[in-house]
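S.K.: Whatever this is, show me its structure:
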Amino acid sequence: MALLKFFCDESYDSDPNKGTKSGITTSKVPLHVPRTYVVGGFLANDIIWGNIEKPWAEQNRKFGVSRFHGANVNARDGEFAGWERRYRDSYVLPLLGILQEQGRYLHAVSIGMYPRDYEKVINRHGRRLFGNPYIACFKTCVVMIAHEMELIGMPREDKFAVRFDRNDFESDAVKIFYTLKDDPAFPLRHRLATCAPGGWEEFLPLQCADMIAYDTYRLLEDKNIGMEKTRKSLESL
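M.R.: Residues are numbered from 1 along each chain as shown. The predicted model follows:
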């Protein structure tokens, strides 16, 4: 049996006022609704993840940062405050190279939506069924991976496990995963192995997931305002 591992993260425009949770609204308290929401990550086996982890960690050590974080890298703030653009690029480009070196053994999966349109188009009952933006995107990633494994004819016993970055909806995400896995009506449930939240400190591949989630978020944000140009980092992947 082959066991693949999917590490994923979310990316969205945060509340400019901060102090409120993101991604859903309720009848009692109006919460910030992002313009764009993405859940994305990479799927690979343990050998490929092993090829990635050591050089990725070494690049972080070389530049004296604790981790890659797409939003901070792009804005050059947080740990990356004061970095010149060229210096920032000299950090990021080798990380992209590490991912590129894995070729077709590393698979990117990203799902995004425009939550404000979601709330306009789908009524409250429908949103309860589909879930908030995070859950709707997360669930679609899981189903899509299972479908692709079936489509390319992987042996029936091959499965994938999910590890996602901790967030406000982690208990719902785990519940959704195991609901699908235990549902006899879901024809691809045999592809699902395990699902659990984790942190970037203990699972380095979540930093890779942050990269693809953030770049997909920027792609959808740009499309929303009529810009069609794909970021070079996403294009290279």
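
S.K.: Tell me the helix or strand right after whichever strand or helix holds Arg128.
M.R.: Assessed by DSSP states H and E, Arg128 sits inside helix 124-130. Later in the chain than helix 124-130, the nearest helix or strand by DSSP H and E is helix 133-151.

S.K.: tell me which residues in the helix holding Arg128 are buried?
M.R.: Judged by neighbour count (16 or more other Cβ atoms under 10 Å), helix 124-130 contains these buried residues: Arg127. C-betas here are computed from N, CA, C, even on glycine.

S.K.: same question, stretch 168-181
M.R.: 169-170, 172-174, 176-177, 180-181.

S.K.: With stretch 155-168 instead?
M.R.: Neighbour-count burial for stretch 155-168 flags 158-160, 162-165, 167 (criterion: 16+ other Cβ under 10 Å).

S.K.: Now render the buried residues of stretch 168-181 as TSV, adding secondary structure, pLDDT and distance to Ile122.
M.R.: Formatted as TSV, the buried residues of stretch 168-181 follow (DSSP: H, G, I helix; E, B strand; the rest coil; pLDDT from 0 to 100; distance: Cβ to Cβ, whole Å):
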residue	secondary structure	pLDDT	distance to Ile122
Phe169	coil	96	17
Glu170	helix	97	23
Asp172	helix	97	17
Ala173	helix	98	19
Val174	helix	98	24
Ile176	helix	97	17
Phe177	helix	98	22
Leu180	helix	97	20
Lys181	helix	98	25
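
S.K.: OK, contacts around the residue nearest the centre of the chain?
M.R.: Closest to where the C-alpha atoms of the chain average out (Cα atoms, centre = their mean) is Gly40, at 2.5 Å. Contacts for Gly40 were tallied using Cβ atoms under 8 Å, 6 or more residues apart in numbering; they are 8-9, 11, 108-112, 141, 209, 212-213, 216.
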